[in-house]
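Enquirer: Kindly return the folded structure for what I paste below:
(2 chains, ligands or ions: 2)
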Amino acid sequence: MIDEKREKFIIPIGPQHPALKEPGHFEFTVDGEIVTAASVRLGYAHRGIEKATESRNWTQNMYLLERICGICSHIHALAYCLGVEKLAGVSAPPRAQAIRVIVAELERIHSHLMWLGVAAHEAGFDTLFMYSWRDREALMDVLESLTGNRVNYSANLIGGVKFDISTDQRDTILRALETLEERSKHYLSIVTSDMVFLRRTRGIGTTSAAQAEKIGLVGPTARASGVARDVRVDAPYAAYVDFPVKLVLHTVGDLESRFVVRINELFESYRLIREILDHMPEGEITARIPRRIKEGETISRVEAPRGELFYFIKSNGSDMPERIKVRTPTMCNMASVPVLGIGQQLADIPMILAGIDPCFSCNDRTTVIHQGEDGDVWTWERLRQHGIDFYRGQP
Amino acid sequence: MRMGAMFTDVIRALFQRPATRQYPFERTASPDRLRGKLNWDAEKCTGCSLCVKDCPAQALEVFMVDKANKRVVLRYHLDRCTYCAQCVVSCRQSALTMAHDEWELADTDKKLFTITCGDDADVQRLADLAPKGVNEQT
Ligand code: SF4
Ligand code: SF4
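Expert: Ligands and ions are numbered 1, 2, ... in the order given. Model prediction:
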């Protein structure tokens, strides 16, 4: 006879659409409605992007790395460019750095608004989802008119940026910010006052500062627990040196604080963009950079919308990198899901997951598609041989 | 605490124009900086291939069909292009530009995505030079 007491009930969620439209696999052991154990399995969107960088030149890699994530594409390129510039001993002109930061902050606004919608959707509050995404559209239009692309803006160059900001564009940005600021105030009041919504967020998934430190949370997720951690403040880069940002903190650590922190960060971004636009440094927007980068290795840290983004770059003096390692914020924050999930209602899990603003593509990185006509399936043996030949061919 | 905090938004929206547009019946002008189809000026191009080296998507091929007279043919793979504008920046002769109004580039025929640009005679010369089996589109 089966010992009923020892039987566990495990609910597998994913890899398709585990609450979000991205691949990840979760297993929750439940006792009734309460989660008693949880595990995460990632890697479904692994695309071998770090390896692929080793066979492309420095310029091409910027575009490849930009495609690690569609939401925060600019910040990836920025981290990479800053690192490569450091290696080459060149720094982009101040005006270029200011433009980089403006695009980075616009990206943060679009990312946070998008998250607001997604998180509201997970809570079943689709009205907020629809309206916040409608408002976000104004920002996408700004990004499009500024950079020429809506998603992978490709604004950076190694050594600068591709475009300048004209007076007309400055006005367009300011106009959009004005509407968005109004709307953000409205959203802040909604997420802190709507009774039904608060029942999904207040007191759910509470993370103490000590716990956040222990798990190693980063970005707004950590700041919602009162951990003062922001690369823009701790180790300012690009134009953040001249235009400091204020740290946005909240101390409660539940889902509601994550909403509050992210929306308050929007206000800080609006302020910062306005300040930079008012005090734009004059001058060039590009610096000359050699095709071959001096031998050496470096790290580059930036604050992505989801938290600290870390790049390790190693050059052997050729026109291609020897090694690039990327650590994305979702990787750090994901660890909180199995920890915080325990003891919660199963129905709250999607919200806890959405609360860290997860980005699975960031986690997993890219693949290369062969562009020839000959679509064929490789046997394991052939793949192995290809690997051996590939490395034999290396110097 | 209140109930239905977004109720007023919903009511107000009833009397507003829809936020969505009825594309393709209703179009908005594309911004001047929009990165659309790549245009190439054969007269300016020197055939240096810098654009080819820097293109992250291998969307460009440059053929020097007549070295003495500097006759160049450029093949552009529209379907591979990621519209990053790196080639535009890389080209020292300003031979490449991106058209902001040509962005509706989808098609059902894949062959149309390979565009060979250049003088008719040069393109013909390239076709003659090309090894057998290579399909040339002009
Ligand atoms: S826009 Fe970018 S992807 Fe397209 S051809 Fe130019 S360099 Fe290549
Ligand atoms: S970089 Fe410019 S000049 Fe050189 S081959 Fe390309 S288009 Fe021609």
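Enquirer: Considering helices and strands only, name the one in the chain with the lowest mean pLDDT.
Expert: Going with chain A. helix A:360-364 (a mean of 63; mean pLDDT, DSSP states H and E).
Enquirer: avg pLDDT for whichever helix or strand comes after that one?
Expert: Sequence-wise, the next helix or strand downstream of helix A:360-364 (DSSP states H and E) is helix A:380-392. Computed over helix A:380-392, the mean pLDDT rounds to 82.
Enquirer: quick one: contacts of helix A:380-392?
Expert: Residues from elsewhere that reach helix A:380-392 (Cβ atoms under 8 Å, 6 or more residues apart in numbering or on different chains): A:Trp378. Yep, even glycine has a C-beta here, placed from its N, CA and C like the rest.
Enquirer: what do you get if the cut-off is 10 Å, keeping everything else the same?
Expert: Contact partners of helix A:380-392, identified using Cβ atoms under 10 Å, 6 or more residues apart in numbering or on different chains, comprise A:51, A:55, A:376, A:378-379.
Enquirer: Most neighbours among the residues you listed, please name it.
Expert: Among the contacts of helix A:380-392, A:Lys51 has the most neighbours (other Cβ atoms under 10 Å in any protein chain shown), with 15 neighbours.
Enquirer: how about the strands in the chain?
Expert: In the absence of a named chain, this looks at chain A. For chain A, the strands defined by DSSP state E cover A:9-13, A:25-31, A:34-41, A:156-157, A:160-161, A:296-304, A:307-315, A:321-327.
Enquirer: my bad, the chain I had in mind was chain B
Expert: For chain B, the strands defined by DSSP E occupy B:38-40, B:60-66, B:71-77, B:96-98, B:114-117.
Enquirer: which one of the ones you listed lies closest to A:Asn264?
Expert: Comparing the strands of chain B by their distance to A:Asn264 (Cβ to Cβ), the top pick is strand B:96-98, with 38.2 Å.
Enquirer: tell me what the closest one is packed against?
Expert: Secondary-structure packing of strand B:96-98 (3 or more Cβ pairs under 10 Å, 6 or more residues apart in numbering or on different chains; DSSP states H and E): strand B:38-40, helix B:86-90.
Enquirer: so can I have JSON lines of the ones you listed showing mean pLDDT, mean neighbour count and distance to ligand 2?
Expert: Converted to JSON lines, the helices and strands packed on strand B:96-98 look like this (pLDDT from 0 to 100; neighbours: other Cβ atoms under 10 Å in any protein chain shown; distance: least, Cβ to the nearest ligand atom, whole Å):
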{"stretch": "strand B:38-40", "mean pLDDT": "93", "mean neighbour count": "20", "distance to ligand 2": "6"}
{"stretch": "helix B:86-90", "mean pLDDT": "93", "mean neighbour count": "20", "distance to ligand 2": "6"}
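Enquirer: Nearest to ligand 1 among the ones you listed would be which one?
Expert: helix B:86-90 (3.3 Å; Cβ to the nearest ligand atom).
Enquirer: can you give me the helices for chain B?
Expert: B:7-14, B:50-54, B:86-90, B:120-129 (DSSP state H).
Enquirer: for the stretch 51-200 of chain A, same thing?
Expert: Here the stretch 51-200 of chain A has its helices, by DSSP state H, counting those that start in this stretch, at A:58-66, A:73-88, A:94-122, A:126-147, A:167-193, A:195-201.
Enquirer: What number of residues are in the vicinity of the nearest residue to A:Met114 once chain neighbours are set aside?
Expert: Of all residues beyond its chain neighbours, the one nearest A:Met114 is A:Arg136 (6.0 Å), with distances taken as Cβ to Cβ, 6 or more residues apart in numbering or on different chains. For A:Arg136, the tally of surrounding residues (other Cβ under 10 Å) stands at 20.
Enquirer: returning to what we had before: which one of the strands of chain A lies closest to ligand 1?
Expert: Closest to ligand 1 of these is strand A:156-157 (Cβ to the nearest ligand atom; 11.9 Å).
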